[in-house]
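Colleague: Build the 3D model from these lines:
(chains A and B)
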Amino acid sequence: MGPIVLLFIGFLLLVTGAMVAIATHRWRLVCSWLSFVFVLLAGGCFLYLAILVFTSGPIAMAGPLLILPGIGASLTIAIDPLSALLLLIVSIISSCTTLFSVRYTLRYQGESLVRYYPFLLFLFATIVGVVSTRDMLFFIAFWEMMTLASYALVVFERGNAVSLRAGFIYFLVTHVATACLVMAAIVLYVKTPAPHSFSFDSLSASLGAIVAANSALVHLILALFFIGFVTKAGVLPFGFWLPNAYPAAPSGATAVFAGALEKAGIYGVVRIFCELLPISHYSYVWGQVIAIFGAISIFVGTMSALTQDDSKRLMSFHAIGQIGYMLLGIGLGVFLLPINPPLATIALVAGLFHMINHSWFKPCLFLNAGSILYKTGTRDLNKVGGLLRIMPFTGATAIIASLSIAGIPPLNGFSSKLLIFESSIMSGVGSPLFIILGLVAIFISAVTLASFLKFLNSAFLGKLYAEGGIDTQKDVPLSMKIPQGVLAFLCILFGVVPLLPMRMIHSAISSILPANYSPAAGFLFGTSLPGFSLNLGQGVIGAWNPLWALLAMAILFALGFFISKAGMARTREAETWYGGREHVVEHVRYAPHSFYNPFKQIFAFTIKGIKFEGMYPRAISLPRVTMPGRLKAAFDIDHWLYYPFARGFMRLSRWFSRVHVGIPQVYILWIILGVIACIIVLFLLPAG
Amino acid sequence: MSFVIGIGILNLFIALGLAPLFEGVARKLKALVHSRIGPPLIQPYYDLLKLLGKEDIQPQGMYFARVVPWICFATVATAALFVPMGTDRAPLGAAGDAILFIYIVTLVAVCLIMTAAASENPFAFIGASREMMLQLTVEPVLVIALITAALNARSFGIGDMANWYYFKGPSISMLLATIFLFLALQAQVGKLPFDMAEAESEIVGGLFIEQSGPKYALLRWTLMAKQIIFASLFVQVFIPWPRIEILVLDILIHLAKVLGLVLLIGLIDVVNPRLRIDQAVKYYLVLVFFSLGAVAFAVIGA
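Modeller: I've put the predicted structure just below:
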């Protein structure tokens, strides 16, 4: 069978795990731990498979697993390095989030776990299905199952109206997006040669034929695919559902959404625009479109995040912003494919590298927010503070992940952002558009930093404070700390040896591009072990070698340490002095909503009564669809059929009722008049 | 290798060892403007030495706060290794470029802000918030100036930029970038009229209100070194002339240029009142907009 069997074992483990979770859901801890064991085993299979692909090339099944001959679809399974990247992400994220959920779900005593673990495990299985199939029909089938599983997780809190509403919008929007995918696939499908087929290869050939015919149909197909994928990824304006849906799910599930689910959208974009679409001037056009949407997401998403005080909502907006960075890198790469292969490869590596990095730091941050929620019972940053004192480990991982997402060296976010910045600015020599987009990315990187410093400063630093009291002795349980520790460690690892993941991504990129198209990794990024230097063929244009910088920093840290100890100054602990007055914590706290106020006001405005804070409307109310009055009247059968009769009858009755005056003599008069009228009628009638 | 270590030590000596001396000169100038005699030139050294022996009062139970000043010091000293100072390349130029320099400088600000926030004092929080807002609006100007140089030199290496400009001679884009970076310099080094993050008369030292003893000495030293590093970057990349190709003379010329710039910064510092933070933010946002002009000229190759 070969190593591909590991994929099936992993898949079956997840499905079995889901069933076991259903069977044992009444015993909460048993159910949680069993689910974790199944996920861990499956994750191990996927991780081993991914490593195998990176070391010894793509793995594919000899023949299709399942054939639907009537419609030309066959479940073909193949793992190329690009799929392996996603498998790597899924394997780590799934184990970490399930372990985190073990104790975290104890918060939700009122909710049945049968609506959590089975769907979570099913979600992992479907993501694996999405990235490992090479047939569009099954791809869409897995995609749809993925959407349904994630919908179930969004509405996990059944009693919460906000969750239900967010879930409904999520359901609606992602199904419109899936419809776009289906349409695009069908348009391509009917253009395939006679025995129609849904396989990626034949769809690619048919797209190539349409491109060669230079038809406007290409734009339609690409637009449909683009909308379908980026809606899932959460790119503005298509991803407007995201800031409401992410916080609604339990933190473990939110971490999966940010870590693995939205990456499926990025995977789709890369598959379509780099592999299925032949390199042509359509790549040139659509690269710019992707990059512009990316830049819009970066700007609007992150500027809105700056105004948020709800920890999970803040991070959800940052998820939008960070997806923008990935799309900027990928769009730039697609744009450059026809004109500058070396720079295009660097940009694509940059985008995918940011995708992997985002899978480490953003789930870590969601788990941090989940820990705060677990400990204090609130997501509102205005109501907590100084938690580093009671949860130092969570605080440390939050600091690492926050600095990582803000792109501070030597953490992993810096390496990928550096690649995105430098490639977009170097491409600007030919096309100034990308300099502007690159500058937006650099500027917003600082805004990201500001936003996460607000998060750190208010939640973890400062004076210990929790509205509604807090147990100051107990930290969060170990099973919640380990996942955060693993993810923070990966942030550091990928930051200190950036060339290791970059080589993997480079092999993923060159495996989907035409053979010998992209230059070798050693040529582009240098051959030194840990760091990289960028080379486009005219000498080195940029470099980042973390080990040297870290070595220097360590030596200088020691120097600073010894200098500060040289005076042998005494140290003393003291409470902060507030002018000697009695005080309560609320009075001496600097609450997060007051951070950056002058800056936030510059980017706040009002259009037609909708208040925008940081470029994003404070509350989106979906426009109410109303029918025109006349049409409404036409549908209203009562209105024109029943009411006229009824009204006439009523009028008649009212008129008749006037005879009831309540005087007996008048009634007798009526009776006499009636009898006379009857006699006259009888006389007038013809006899017989 | 030994050359790299040599210029590394030289850079550290200039950025850390000579920074208080430059500060002393600036103080002398300030006194001159005030019609005072002023302290001796080496007063900043005395201040630092005195602070090193003073009692260190730390916030309760916040171990994190005790480490950050050292990280801050280490970061700023590392930043000194990425800027050439009188030589044609930076000691660690092969390990990092202009973007790295920008982010290392940002890391210094991050450390200052987190030190402030860890101290739980509301004044420190106000200072932190202001520092971050300034960073948000000033950083783009620095970025745009360096990107202009990078587009011209077709490389992000700071040494490459300096060498390109030295051989190419003045151009419109670089002159514009020089002007805009100069306007941003005052805020980068935290001097009046942009010292709202400290603002002694208003929020009693802001970021540094809870610092004392050796930690405060390190943080003050960090600020002095930051000024020298920025001045070095400015004169090295944007005013690379004259260069004699004799190492000792080049270093002396570099020091003279840095001294001139420090005096200029000190002069602006002493004759200006403090702006409010919202005024500063608006000022720099407008400046960012105009500085895009430098990039535009760089794109068309002027």
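Colleague: hmm, who's touching the lowest-mean-pLDDT helix or strand in chain B?
Modeller: Counting by mean pLDDT, DSSP states H and E, chain B has its least confident helix or strand at helix B:200-203, which shows a mean of 76. For helix B:200-203, the external contacting residues (CB atoms under 8 Å, 6 or more residues apart in numbering or on different chains) are B:Phe123, B:Ile126, B:Gly127, B:Met196, B:Ile209, B:Arg274. Glycine gets a C-beta too; all of them are placed from N, C-alpha and C.
Colleague: ok, which of those also contact chain A?
Modeller: B:Ile126 (CB under 8 Å from any CB of the partner chain).
Colleague: before we move on, the earlier item: so which bits of the least confident helix or strand of chain B are buried?
Modeller: B:Ile203 (16 or more other CB atoms under 10 Å in any protein chain shown).
Colleague: distance between that helix and the chain's centre?
Modeller: Here helix B:200-203 is found 22 Å from its chain centre; the criterion is CA atoms, centre = their mean, to the nearest Å.
Colleague: now stretch A:354-366
Modeller: 11 Å.
Colleague: Stretch A:447-462 now?
Modeller: With CA atoms, centre = their mean, you get 22 Å for stretch A:447-462.
Colleague: what's the average pLDDT for it?
Modeller: Per-region confidence: stretch A:447-462 scores 87 on mean pLDDT.
Colleague: How about stretch A:229-245?
Modeller: 86.
Colleague: so B:Ala31 touches B:Leu41, yeah?
Modeller: No. Using CB atoms under 8 Å, B:Ala31 makes no contact with B:Leu41, being 11.0 Å away.
Colleague: Leaving out the residues flanking it, which one is nearest to the residue of the stretch 151-300 of chain A found nearest chain B?
Modeller: In the stretch 151-300 of chain A, no residue comes nearer to chain B than A:Phe299, which is 12.9 Å away by CB to the nearest CB. Excluding the flanking residues, the one nearest A:Phe299 by CB to CB, 6 or more residues apart in numbering or on different chains is A:Val440, at 5.5 Å.
Colleague: Then A:Gly17?
Modeller: A:Phe38 (2.8 Å).
Colleague: what ranges do the helices span in the stretch 351-500 of chain A?
Modeller: A:392-405, A:412-427, A:433-459, A:478-496, A:499-512 (DSSP state H, counting those that start in this stretch).
Colleague: closest one to A:Arg630 among those?
Modeller: With CB to CB as the measure, helix A:433-459 is the member of these nearest A:Arg630 (47.5 Å).
Colleague: helices or strands up against the closest one?
Modeller: helix A:281-305, helix A:311-336, strand A:384-385, helix A:392-405, helix A:412-427, helix B:98-118, helix B:122-153, helix B:277-299 (3 or more CB pairs under 8 Å, 6 or more residues apart in numbering or on different chains; DSSP states H and E).
Colleague: where among these is the average confidence lowest?
Modeller: strand A:384-385 (a mean of 84).
Colleague: Distance from the chain centre to the helix or strand harbouring A:Phe226, please.
Modeller: Assigned by DSSP states H and E, A:Phe226 belongs to helix A:217-233. Relative to its parent chain, helix A:217-233 has a centroid offset of 17 Å by CA atoms, centre = their mean.
Colleague: who are the neighbours of it, in terms of helices and strands?
Modeller: helix A:161-190, helix A:200-213, helix A:262-270, helix A:281-305, helix A:311-336.
Colleague: For the third one, C-alpha coordinates in PDB please.
Modeller: Read it as helix A:262-270. The C-alpha trace of helix A:262-270 is given here as PDB (Å, rounded to 0.1, in the frame of the first residue of the first chain):
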ATOM      1  CA  GLU A 262      -9.100  29.600   7.100                       C
ATOM      2  CA  LYS A 263      -5.900  28.200   5.800                       C
ATOM      3  CA  ALA A 264      -8.000  25.900   3.600                       C
ATOM      4  CA  GLY A 265      -9.100  29.000   1.800                       C
ATOM      5  CA  ILE A 266      -5.500  30.100   1.300                       C
ATOM      6  CA  TYR A 267      -4.700  26.600   0.100                       C
ATOM      7  CA  GLY A 268      -7.500  26.900  -2.500                       C
ATOM      8  CA  VAL A 269      -6.300  30.200  -3.700                       C
ATOM      9  CA  VAL A 270      -2.800  28.900  -4.200                       C
END
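Colleague: helices and strands around it, which ones?
Modeller: helix A:81-104, helix A:117-132, helix A:217-233, helix A:311-336, helix A:341-376.
Colleague: Identify the residues contacting that helix?
Modeller: A:82-83, A:86, A:89, A:127, A:130-131, A:143, A:146, A:225-226, A:228-234, A:290, A:319, A:323, A:326-327, A:330, A:348, A:351-352, A:355, A:358-359, A:512.
Colleague: Recalculate using a threshold of 7 Å.
Modeller: A:82, A:86, A:89, A:127, A:130-131, A:146, A:229-230, A:232-234, A:290, A:319, A:323, A:326, A:330, A:355, A:359 (CB atoms under 7 Å, 6 or more residues apart in numbering or on different chains).
Colleague: Just send the helices and strands packed on helix A:217-233 back as JSON lines, with mean neighbour count and distance to A:Val681 too.
Modeller: Below are the helices and strands packed on helix A:217-233 laid out as JSON lines (neighbours: other CB atoms under 10 Å in any protein chain shown; distance: least, CB to CB, whole Å):
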{"stretch": "helix A:161-190", "mean neighbour count": "18", "distance to A:Val681": "68"}
{"stretch": "helix A:200-213", "mean neighbour count": "18", "distance to A:Val681": "87"}
{"stretch": "helix A:262-270", "mean neighbour count": "25", "distance to A:Val681": "86"}
{"stretch": "helix A:281-305", "mean neighbour count": "23", "distance to A:Val681": "85"}
{"stretch": "helix A:311-336", "mean neighbour count": "29", "distance to A:Val681": "83"}
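Colleague: Now render those as a markdown table, adding distance to A:Trp670.
Modeller: Output for these, formatted as a markdown table (distance: least, CB to CB, whole Å):
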| stretch | distance to A:Trp670 |
| --- | --- |
| helix A:161-190 | 62 |
| helix A:200-213 | 88 |
| helix A:262-270 | 83 |
| helix A:281-305 | 79 |
| helix A:311-336 | 77 |
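Colleague: you'd agree B:Leu41 is in a strand?
Modeller: No. Looking at B:Leu41 with DSSP: H, G, I helix; E, B strand; the rest coil, it is coil, so not inside a strand.
Colleague: doesn't B:Glu23 make contact with it?
Modeller: No. Assessed by CB atoms under 7 Å, B:Leu41 is found out of contact with B:Glu23, at 9.5 Å.
Colleague: Between those two, point out the one with more neighbours.
Modeller: Ranked by neighbour count (other CB atoms under 10 Å in any protein chain shown), B:Leu41 and B:Glu23 place B:Glu23 first, with 26 against 15.
Colleague: Identify the residue nearest that one in space, chain neighbours excluded?
Modeller: B:Glu23 sits nearest to B:Pro44 (CB to CB, 6+ apart), 4.4 Å away.
Colleague: go on, B:Glu55?
Modeller: Counting by CB to CB, 6+ apart, A:Arg570 is the residue found nearest to B:Glu55 once chain neighbours are left out, at 5.0 Å.
Colleague: What ranges in the chain fall below the confidence cut-off?
Modeller: No chain was given, so I picked chain A. Judged by pLDDT under 70, chain A has its weakly predicted residues at A:1, A:614-615, A:618-627, A:687-688.
Colleague: Wait, chain B was what I had in mind.
Modeller: If you take pLDDT under 70 as the line, chain B has these spans: B:61-62.
Colleague: thinking again about what came up before, what's the angle from the helix holding A:Phe226 to helix A:161-190?
Modeller: 150 degrees (axes from the mean of the first three to the mean of the last three CA atoms, to 10 degrees).
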